[in-house]
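>>> this is a predicted model, with the sequence first.
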Amino acid sequence: MILTRRALLGTAAASAVLAHLAPAALAQGSKVMVLASAVDIPNFDPHVATGYAPAMLFRNVYDPLVRVSGNPPEIQPALASSWTLSDDGLIYTFTLDPDAVFHDGSPVTADDVVWSIERILKLQRGNAWMIEGIVEPGATRALDEHTVEFTLTTPYAPFLQVMIWMFIVNKDAVEPNLADDDGQAWLMTNIAGSGPFTMGRYQTGNLYQLTRAENDWHAGGGNLDGAIWKITRETSTQRLMVARGEAHMAMDLSAEDMKALEGTEGVDLIYETEYRTFSIKMNTQDGPLQDVNLRRAISYAYDYDAMLAAAGPAELMTGPLPTGILGFDPELEVPRRDMEKAREYLAKSEFAEGGFTLTARYAAGYENMRRWALILLESLKELNITLDIQPTAWPDIVSSVATPETAPDFHFIFQTANYADPDNIAYAAYHSSRNGTWQNPTYGNPEVDTLIEQARGEIDAEARAEIYGEFQRAVVADAPDLFGVLEKRKLALRDNVQNFVFTPVAANAVELLPLSLD
Amino acid sequence: MLWYVIRRLLLIIPTLLGLTVIVFAIARLLPGDPVGLAAGPNATPEVIASVAAEFGLDKPIPVQYWNYLTGLLQGDWGVSLFSRRPVIDDLAEFVPATLELVIAALLIAVIVGIPLGLLAAIRRDGIFDYLTRTVSLGAIAMPRFFLGLLLQLAFAMALNWLPLSGRFPLIEFPPDRITGFYTVDAILIGDWHALGLALQHLALPALALSLSPLATILRMMRASTIEVLQQDYILTERALGIPPWIILFKYTLRNAVSATLTVIGLYVSWLLGGTVLVETIFDWPGIGLYSTQAILGQDFMPVIGVTLVIAMIYLVTSVIVDILQAVLNPKVRLQ
């Protein structure tokens, strides 16, 4: 009996104490925006780390020469207040903003730009691939303190689009800390930038607090004192945080989370199309799918409507390029489900009777991919083809597509455009030099290669758009992919956040400068 | 006794050594291409080769193992392929968080489980006994993440008594780091406000994690108490007219607890390795989340590091449990 009383008393006392301590809400008055994201920022080196969370950090604590904003995305001045391009398309000359200063107060000079670009090219990490072969070491020169010149090896139309990811670091701050790794160890945990914010306290795997830089030189902008990037792995927790007002923005919500948030007071829901494609790539170099007629038959047999219905908020792709990007042709004729045509092409192929098995591999854990694989299985049944669906760990998929023989017949991939230019998707996913990578394991066509290279070198936007039109028709004729869907980006935002403009490239790498909190 | 402890502690070394061989071999011989993954989607073969060289992964596996082992002895636990952060720094950050959660959960389980188990035993086949039996079966069967979600909905969303997630309020600064345990650090520096906040955040995840061990301890405690209560010496004591509470606390409890102690010891490692779901739901920055991400990315240095830490804690715990057994039960002799 004594024991019972004690136990009960103890429990009661404990719960009374807990009930007494009310949870602390976000402090009123301070303009600190909280962003809930599943993605960590383990490394602060802008020339090494990639992914959307590091990209968010870099866009706010560092400055590139030019930045991108708006929808459709437009190039705008950042460190460079103006720039010119020579008539042959080879020499870019940037004039730096004379007001620009680093966080330590020292001015941003052409030397810093040259030093940063050389460091990117030397390290060959992070986003270096975007300018590889375009800007060679030594091709960036400081003409005077505020003028810097890039001499490209070949005309490259997307140059400004990729420059948004080339961040300028403070040479004088990094040089004393170079050690034997070009300052990688130091920049991993230190910021040497000129962006409107700088890193406050942080705890890896938990939260990163950005604070307004003391020497913020950027004109205009919103009223934010800072922001907290809160690592929140579970999307339902992100949803509850936005609903309670503990977070101002949730980055990784599922369609179900968005539905649950509908009608929640104080929460705006954003559905926007971004340049992130999903397609099912076929093995054009090994197995039955080498036969273009079989690929066409499957392209006509696939149930695209079912795919769209299973996708949640999304739209169907029209050909290889994402909707709305430069050169995208909305009139392009692409296969839609038509069993008559499918049977026609099947009859023309070497496999008119069907009766064989193909393999499909997708990254295990992606629910939508599983659904799309099942739809493929149903569609193929009608051509008397069976499908072996193999959910596989992503690292194993990457290694298996290295050769056509080990690659599956169907390879499911999402592909995010890193810069707002068709070259990004076209080159990575359809140029034969990328064979063996997860973005383009097997497809190659010399004619398509030439078109991609031509479009890269063409400076005139209209002429480029025309080349991409031809490119799209040529790819559709080869039927290397089942062109899938563009899933909409799903964001939840508290309604006291002002001036948020969605940008379809780097949608989650939010730029804080223009934002305000009421 | 002292010799026993020293010998047991020394035996940990070969065990860990063997473990490094096994874990290293598994991590390195698995199919997949961690270097290619770490180098990024657009890396050229030259870049991949240079990344491999940077991490010493171009050398034969026995050489890699030897380098790892010699590094380990000097406090270098390797570097994450993805973040390029030293594993030891990450562990120093995440291990205290998980340990704090696990210890809190075990404390709840022990403090509530042992008295309830005792009570269920002395009121055997009564209403209370049936009640605890039903509830504990449910508690063992219920998935922890589901329980976590229910607790969140009830105590954070509906009642608004406790915070939804995290280890500390976002906009406040946790107590200065001494041990890495927020509650302990807050007590050490005498910051009672911080202690309150840390406890609030600890409450729900610890509760979610504690229920299954609580139920097990309760059932174990009940069973061993019933067994002890049927012993002849208890009958004799009753016949001698010794007051029931002395019989219970002096003669029954000590004997009954020693069996339960083994289970508690086992639960330490079980909980350490199984916090990931609770950590995910409650955004608890611990080793569960850390190791899961490392496993998915084939980032093997963190995986090996976490495995070694869990093994070390497990081995030390079992030594402590053995010593406690001897203290509780004079029949057990350590030699």
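In hand now; what should we look at?

>>> run through the bridge partners of the residue nearest the centre of chain A.
When chain A is reduced to its mean C-alpha position, the closest residue under Cα atoms, centre = their mean turns out to be A:T416, at 4.4 Å. Taking DSSP bridges, one obtains A:R276 as the residues bridged to A:T416.

>>> that one and A:R276 touch, don't they?
Yes. Using Cβ atoms under 8 Å as the test, A:T416 is close enough to A:R276 to be in contact (4.6 Å). In short, each C-beta sits where N, CA and C put it, glycine included.

>>> ok but A:L491 is inside a strand, no?
Yes. Residue state for A:L491 (DSSP: H, G, I helix; E, B strand; the rest coil) corresponds to a strand.

>>> so the residue nearest in space to the middle of chain B: helix, strand or coil?
The centroid of chain B falls nearest to B:L272 when counting by Cα atoms, centre = their mean (2.8 Å). Three states are possible here, and by three-state DSSP the one that applies to B:L272 is helix.

>>> my read is that it contacts B:V102, right?
Yes. In this structure, B:L272 sits in contact with B:V102. The criterion is Cβ under 8 Å, and the distance is 5.7 Å.

>>> quick revisit: relative to B:R167, how far out is the residue nearest to the centre of chain B?
When Cβ to Cβ, to the nearest Å is applied, the distance between B:L272 and B:R167 equals 17 Å.

>>> element containing the closest residue to B:F168 other than its chain neighbours?
Counting by Cβ to Cβ, 6 or more residues apart in numbering or on different chains, B:P174 is the residue found nearest to B:F168 once chain neighbours are left out, at 4.6 Å. Assessed by DSSP states H and E, B:P174 sits outside every helix and strand.

>>> quick check: pLDDT value at B:P174.
For B:P174, the pLDDT comes out at 84.

>>> quick one, phi/psi of it?
B:P174 has phi and psi values of phi -70, psi 160 when expressed as degrees, to the nearest 10.

>>> report how many residues lie close to it.
Close neighbours of B:P174, defined as other Cβ atoms under 10 Å in any protein chain shown, add up to 20.

>>> what does A:D216 give?
Neighbours of A:D216 under the rule other Cβ under 10 Å: 16.

>>> wait, what's in contact with it?
Taking Cβ atoms under 8 Å, 6 or more residues apart in numbering or on different chains, we find A:D216 in contact with A:196-197.

>>> same thing but at 6 Å, please
With contact taken as Cβ atoms under 6 Å, 6 or more residues apart in numbering or on different chains, A:D216 is in contact with A:P196.

>>> now do the longest helix belonging to chain B, average pLDDT.
Taking DSSP state H as the assignment, the helix of chain B that covers the most residues is helix B:192-229. When the per-residue pLDDT values of helix B:192-229 are averaged, the result is 91.

>>> buried residues in that helix?
Residues of helix B:192-229 classed as buried by neighbour count (16 or more other Cβ atoms under 10 Å in any protein chain shown): B:194-226, B:228-229.

>>> chain A next: which of the residues you listed are close?
Intersecting the buried residues of helix B:192-229 with the contacts of chain A gives B:196, B:200, B:203 (criterion: Cβ under 6 Å from any Cβ of the partner chain).

>>> just to revisit the earlier point, pretty sure the residue nearest to the centre of chain B contacts B:I310?
Yes. A contact is recorded between B:L272 and B:I310 when judged using Cβ atoms under 6 Å, the distance being 5.0 Å.

>>> what pairs with the helix or strand where A:F150 lies, parallel or antiparallel?
A:F150 belongs to strand A:147-151 when assigned by DSSP H and E. Taking DSSP bridges as the criterion, strand A:147-151 pairs within the sheet with strand A:91-96 (antiparallel), strand A:140-144 (antiparallel).

>>> out of those strands, nearest to B:D33?
Nearest to B:D33 among the strands paired with strand A:147-151 is strand A:140-144; the distance by Cβ to Cβ comes to 33.1 Å.

>>> return the residues in contact with the closest residue to A:R141 other than its chain neighbours.
Computed as Cβ to Cβ, 6+ apart, the closest residue to A:R141 that is not its neighbour in sequence is A:E149, at 5.0 Å. Taking Cβ under 6 Å, 6+ apart as the contact definition, A:E149 lies against A:93, A:141, A:143.

>>> and the residues you listed, which is closest to chain B?
Closest approach to chain B among those (Cβ to the nearest Cβ): A:R141, at 25.6 Å.

>>> so for that closest one, what's the pLDDT?
pLDDT recorded at A:R141 is 96.

>>> burial of it, as a residue count?
Each residue near A:R141 was counted by other Cβ under 10 Å, and the total is 14.

>>> next one: B:P175
Neighbour number of B:P175 under other Cβ under 10 Å is 24.

>>> I'd say it and B:D185 touch.
Yes. Using Cβ under 6 Å, B:P175 and B:D185 qualify as a contacting pair, with a distance of 4.1 Å.

>>> for the residue nearest to the centre of chain B, give its distance to A:P137.
From B:L272 over to A:P137 the distance is 49 Å, taken as Cβ to Cβ.

>>> quick check: buried residues in stretch A:179-199?
Within stretch A:179-199, the residues that count as buried by 16+ other Cβ under 10 Å are A:182-188, A:191-199.

>>> likewise stretch B:45-65?
With burial defined by 16+ other Cβ under 10 Å, the residues of stretch B:45-65 counted as buried are B:47-48, B:50-52, B:54-55, B:57, B:64-65.

>>> for the residues you listed, give me a markdown table that also has secondary structure and pLDDT.
Written out in a markdown table, the entries for the buried residues of stretch B:45-65 read as follows (DSSP: H, G, I helix; E, B strand; the rest coil; pLDDT from 0 to 100):
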| residue | secondary structure | pLDDT |
| --- | --- | --- |
| B:V47 | helix | 76 |
| B:I48 | helix | 79 |
| B:S50 | helix | 79 |
| B:V51 | helix | 79 |
| B:A52 | helix | 82 |
| B:E54 | helix | 79 |
| B:F55 | coil | 82 |
| B:L57 | coil | 82 |
| B:Q64 | helix | 88 |
| B:Y65 | helix | 89 |
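
>>> need the helices for the stretch 51-200 of chain A, in chain order.
Under the criterion DSSP state H, counting those that start in this stretch, helices of the stretch 51-200 of chain A are mapped to A:52-61, A:110-123, A:159-163, A:171-174, A:184-187.

>>> out of those helices, which is closest to A:Q290?
helix A:159-163 (34.4 Å).

>>> mind exporting the C-alpha coordinates of that closest one to PDB?
What follows is helix A:159-163, C-alpha atoms only, in PDB (Å, rounded to 0.1, in the frame of the first residue of the first chain):
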ATOM      1  CA  PHE A 159      27.700  31.100 -68.700                       C
ATOM      2  CA  LEU A 160      25.900  33.700 -66.700                       C
ATOM      3  CA  GLN A 161      23.400  31.100 -65.500                       C
ATOM      4  CA  VAL A 162      26.300  29.000 -64.000                       C
ATOM      5  CA  MET A 163      28.100  32.000 -62.600                       C
END
